[in-house]
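based on what follows, work out the 3D shape:
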Amino acid sequence: MFFLETAISIFIGAFVLTYLTIPKIIKVVEYKRLMDDPNKRSSHGVRTPTLGGVSFYYTLIFALFFIHAKGEFNEAIYIIPGLTILFIVGLKDDLVVISPGAKLITQCFAIAFILANPSFDINSLHGFLNIYEIPHYLYLIIAGFMMLTIINSYNLIDGIDGLASVVGIVIMVIYTTIFYLTGEYFFALISITLNASLMSFLGFNLSSDKKIFMGDTGSLIVGFVISILTLKFLALKPEAYSELPFLLENAPLIAIGILIVPLFDTARVFAIRIANKRGPFSPDRNHTHHVLIDYWGLSHKQASFIIGCFNMLFVMLFIVLGSRAKNLAMVVILISVVIILGYIFFRYNYNFATLKQKIMLKRKVDKITGKKQDNNKNSKTRKDNLNGKVKTKSTKPPLQ
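The predicted structure follows:
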């Protein structure tokens with residue numbers, strides 16, 4: 001009962017704080033002319049305010065002040081420095097673009113604070129692929145790489161209106177449920193806080209007159225929090241999993257299922273860029289959401305809703321399978337799904353060209369073809385009319 005009251009208070013407070021302050025951010029951004037200008041790969045056509053992620057940062061800081069006592073290992077003190085580092089990096093990247101290498105280095109510093117906390121230690125994989133005990137140095141390498149992947153994967157899916165928010169909300173709902181069932185109330189409240197901020201932000205992100213983007217400031221912060229929750233989920237004690245509806249050994253696969261959208265999209269885009277002999281972080285319009293919009297003609301809201309629903313259904317499917325299936329069978333299922341999804345989306349981009357360029361070329365070809373067909377029809381009509389006149393003249397009786 002006490003947790004429920006705290007959760008409701010945190011949710012309402014975070015939602016209201018985000019809702020009331022985002023309009024102020026929009027006014028400041030417009031006044032200082034810090035808006036995002038559209039370019040050839042943008043999904044928006046007009047200058048739009050950014051820096052919506054600023055609201056995520058101070059909302060999380062306020063929430064951590066009120067809930068820090070619920071952390072068993074004083075986790076809030078380790079989370080705040082990482083959040084601050086990524087907030088500064090994201091803010092600078094939104095204002096003055098910085099290189100991917102510089103972002104990766106700063107992300108490593110932020111991650112180091114988390115890995116230094118004993119609450120996130122993983123000493124065993126509990127039989128996943130027959131792996132049990134793992135040395136500490138291997139844990140640091142795997143955990144660091146995993147967190148880097150999640151942060152940048154989430155950052156990359158922030159390409160259309162609503163998508164990053166919808167996917168983030170789905171992930172936060174799942175982690176809230178998991179940490180509530182396992183008694184990890186500190187992390188459940190963090191999930192609730194960020195969920196409230198994302199819900200509040202989503203209304204502005206989809207608005208036509210008060211639109212704002214979360215920018216790298218927001219996507220890096222949200223990705224960082226998701227990576228922390230994922231690491232904590234994998235670091236839960238074996239007895240905690242007795243409250244969860246899936247086998248302990250399937251936990252890594254459940255985590256992949258929760259993050260299937262950003263992970264699949266990142267793997268797909270990186271494969272396309274590398275196959276095209278380009279850097280994996282070079283910008284283009286080859287993301288999954290761009291395929292849905294550019295090739296299938298969906299709106300931003302439709303694409304975001306479809307991807308969010310897929311994420312939720314995929315997690316539910318994996319939880320059901322994870323309650324009985326061994327992890328080897330689930331690995332086979334996961335690989336099969338990835339191959340099917342890869343085929344569906346790669347077939348629309350088989351030569352690794354930019355989708356937008358292909359579509360524009362196709363439209364030009366169709367336009368030229370249509371003009372040729374119209375010209376041919378007009379020529380044939382004129383020819384038929386001329387032949388009709390000739391026949392009419394030739395059928396007249398000769399003069400007597």
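
C-terminal to the lengthiest strand in the chain, what's the next element?
Longest strand in the chain, counting residues (DSSP state E): strand 124-128. Once strand 124-128 ends, the next helix or strand along the chain (criterion: DSSP states H and E) is strand 131-133.

pairing partners for that following strand, with directions?
strand 124-128 (antiparallel) (DSSP bridges).

low-confidence regions, the stretch 101-250 of the chain specifically.
Scanning the stretch 101-250 of the chain for pLDDT under 70 picks out nothing.

what's the burial count for Gln117?
Just to correct that, residue 117 is Asn rather than Gln. 18 (other CB atoms under 10 Å). In this view, the C-beta of every residue, glycine as well, is placed from N, C-alpha and C.

if we can go back for a sec, in the longest strand of the chain, which residues are buried?
Using 16 or more other CB atoms under 10 Å as the test for burial, strand 124-128 gives Leu125, His126, Phe128.

gap between it and the chain center?
Relative to its chain's centre, strand 124-128 lies at 28 Å (CA atoms, centre = their mean, to the nearest Å).

list the contacts of it.
Ile131, Tyr132, Glu133, Ile134, Pro238, Leu248, Glu249, Asn250, Ala251, Pro252, Leu253, Asn327 (CB atoms under 8 Å, 6 or more residues apart in numbering).

now do 10 Å
Outside strand 124-128, the residues within contact range by CB atoms under 10 Å, 6 or more residues apart in numbering are 131-134, 139, 142, 234, 236, 238, 241, 247-253, 326-328, 330-331.

now swap in stretch 332-348 and tell me
Residues contacting stretch 332-348 (CB under 10 Å, 6+ apart): 253, 256-257, 260, 263-265, 267-268, 271-272, 286-288, 291-292, 294-296, 310, 314, 317-318, 321, 325, 327, 352, 355, 358-359.

which positions in the helix or strand containing Ile339 come out as buried?
In this structure, Ile339 sits in helix 327-346 according to DSSP H and E. Of the residues in helix 327-346, Asn327, Met330, Val331, Ile333, Leu334, Val337, Val338, Leu341, Phe345 count as buried by neighbour count, 16+ other CB under 10 Å.

what average pLDDT does it get?
On average, the pLDDT along helix 327-346 is 79.

in the stretch 251-400 of the chain, where is pLDDT below threshold?
For the stretch 251-400 of the chain, the ranges with pLDDT under 70 are 345-367, 369-400.

in contact with the spatially most central residue of the chain: list those residues for me.
What sits nearest the mean C-alpha location of the chain, by CA atoms, centre = their mean, is Ile157, with 3.5 Å. Ile157 makes contacts with 163-164, 167-168, 219, 223, 261-266, 269, 287-289, 304, 307, as judged by CB under 10 Å, 6+ apart.

now the helix holding Ile339, how far from the chain's geometric center?
The mean C-alpha position of helix 327-346 is separated from the chain mean by 19 Å, CA atoms, centre = their mean.

now Pro280. Nearest residue, chain neighbours left out?
Leaving out its chain neighbours, the residue that sits closest to Pro280 by CB to CB, 6 or more residues apart in numbering is Phe270, at 4.4 Å.

give me phi/psi at Ser9?
phi -60, psi -40 (degrees, to the nearest 10).

burial of it, as a residue count?
Neighbours around Ser9, by other CB under 10 Å: 13.

from Leu202, how far off is it?
Per CB to CB, to the nearest Å, Ser9 is found 21 Å from Leu202.

same thing with Pro118?
Distance, Pro118 to Leu202, using CB to CB: 35 Å.

and for Asp93?
Distance from Asp93 to Leu202, by CB to CB: 22 Å.

same question for Val167.
In terms of CB to CB, Val167 sits 11 Å off from Leu202.

also Thr21?
Thr21 is 15 Å from Leu202, by CB to CB.

which of those two has more neighbours?
Leu202 (19 against 15).

just the C-alphas of stretch 87-107, formatted as CSV.
The C-alpha coordinates for stretch 87-107 follow below in CSV (Å, rounded to 0.1, in the frame of the first residue of the first chain):
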residue,chain,number,x,y,z
PHE,A,87,22.9,15.5,-20.2
ILE,A,88,25.9,17.8,-20.9
VAL,A,89,27.0,15.8,-23.9
GLY,A,90,23.5,15.6,-25.4
LEU,A,91,23.0,19.3,-24.8
LYS,A,92,26.2,20.1,-26.6
ASP,A,93,25.4,17.7,-29.5
ASP,A,94,22.0,19.4,-29.9
LEU,A,95,23.6,22.9,-30.0
VAL,A,96,27.0,22.1,-31.6
VAL,A,97,27.3,18.7,-33.3
ILE,A,98,30.1,16.6,-31.8
SER,A,99,31.8,13.5,-33.2
PRO,A,100,30.5,9.9,-32.5
GLY,A,101,33.9,9.1,-31.0
ALA,A,102,33.7,11.9,-28.4
LYS,A,103,30.2,10.7,-27.5
LEU,A,104,31.4,7.2,-27.0
ILE,A,105,34.2,8.2,-24.7
THR,A,106,31.9,10.3,-22.5
GLN,A,107,29.3,7.4,-22.5
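
in that stretch, which residues are buried?
Phe87, Val89, Gly90, Leu91, Lys92, Asp93, Asp94, Lys103, Thr106, Gln107.

cool, stretch 201-219 as well?
201-202, 204-206, 211-219.

now stretch 180-198
Applying 16+ other CB under 10 Å to stretch 180-198 flags 180, 182, 184-198 as buried.

now the buried residues of stretch 87-107 in a markdown table, with distance to Ile151 and secondary structure?
Converted to a markdown table, the buried residues of stretch 87-107 look like this (distance: CB to CB, whole Å; DSSP: H, G, I helix; E, B strand; the rest coil):
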| residue | distance to Ile151 | secondary structure |
| --- | --- | --- |
| Phe87 | 13 | helix |
| Val89 | 11 | helix |
| Gly90 | 10 | helix |
| Leu91 | 16 | helix |
| Lys92 | 16 | helix |
| Asp93 | 13 | helix |
| Asp94 | 16 | helix |
| Lys103 | 9 | helix |
| Thr106 | 11 | helix |
| Gln107 | 6 | helix |
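
and the two most separated of these?
Put simply, by CB to CB the two of these set farthest apart are Asp94 and Gln107, 15.8 Å from each other.

any idea how far Tyr154 is from Ala329?
Distance from Tyr154 to Ala329, by CB to CB: 28 Å.
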